[in-house]
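Colleague: Give me the fold of what follows.
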Amino acid sequence: MKRIGVLAGLPLAASIFVAGASLAAGFTCPKVNDLATPPVAAEVDARLPKGLALEQSDQLAAAITLLREHGLSPGNATDHLIAFFCPAVAAETGLSDAEKRLRVMRFAQKATRLVYGQNNVDDVIYDVPLKPGVAEAATQRAKAAGLGLEAWIAQMVEAAIR
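Modeller: Numbers count the residues shown, from 1 in each chain. A predicted model of the protein is given here:
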């Protein structure tokens, strides 16, 4: 079995994106014990939500806040979140290894975006699932407008409420 790990100093989130396609032989998760965790953060780990609870925006935001308050770098915080989330996905017997990798990669993208995002109390972030066809159409329209998907969606929502 192959293992998701840190590649050449990249944060775990980046290594999952890079290594995802090459992990066809099996699915395993990074271990929190393998991460460079400052002593204060080790005490915090026990207080953080784990597993699928991290998919809930409020739980994820609370975990990010706690990790930041205890001095973890954005990369280290993201790595911890992935390591806390991944075992719950690995335990899901109804998913193939490829589906598990995809689910962890989607979570890693969300966690990375939120961890590295600016702390603007005026912004509210919604996590809204879209059907694949709708998501693809939105991506194409955003590209045609010369915008990133998030900026295009924000414009559409703002226009709809005017």
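Colleague: what's the closest non-adjacent residue to residue 141?
Modeller: In this structure, residue 141 finds its nearest non-sequential neighbour in residue 152, 6.4 Å apart by C-beta to C-beta, 6 or more residues apart in numbering. In short, each C-beta sits where N, CA and C put it, glycine included.
Colleague: That neighbour contacts residue 146, correct?
Modeller: No - using C-beta atoms under 8 Å as the test, residue 152 is too far from residue 146 to be in contact (9.2 Å).
Colleague: When the two are compared, which one has more neighbours?
Modeller: Higher neighbour count among residue 152 and residue 146: residue 152, with 18 against 8, using other C-beta atoms under 10 Å.
Colleague: so what's the more buried one up against?
Modeller: Residue 152 sits next to 138, 141, 142, 145 when contact means C-beta atoms under 8 Å, 6 or more residues apart in numbering.
Colleague: Mark which of those residues are part of helices, please.
Modeller: 138, 141, 142 (DSSP state H).
Colleague: For the residue most central in space within the chain, what is the enclosing helix or strand?
Modeller: Centroid-nearest residue in the chain, with C-alpha atoms, centre = their mean: residue 108, separated by 2.3 Å. Remark: residue 108 resides in helix 97-116, with elements defined by DSSP states H and E.
Colleague: Now do that helix: which elements does it pack against?
Modeller: helix 12-19, helix 57-69, helix 74-90 (3 or more C-beta pairs under 8 Å, 6 or more residues apart in numbering; DSSP states H and E).
Colleague: Low-confidence stretches in the chain?
Modeller: Residues of the chain meeting the criterion pLDDT under 70: 1-25, 36-46, 118-125.
Colleague: Go again with 90.
Modeller: Applying pLDDT under 90 to the chain flags the ranges 1-80, 83-85, 92-93, 95, 110, 112-136, 138-140, 142-155, 157-159, 162.
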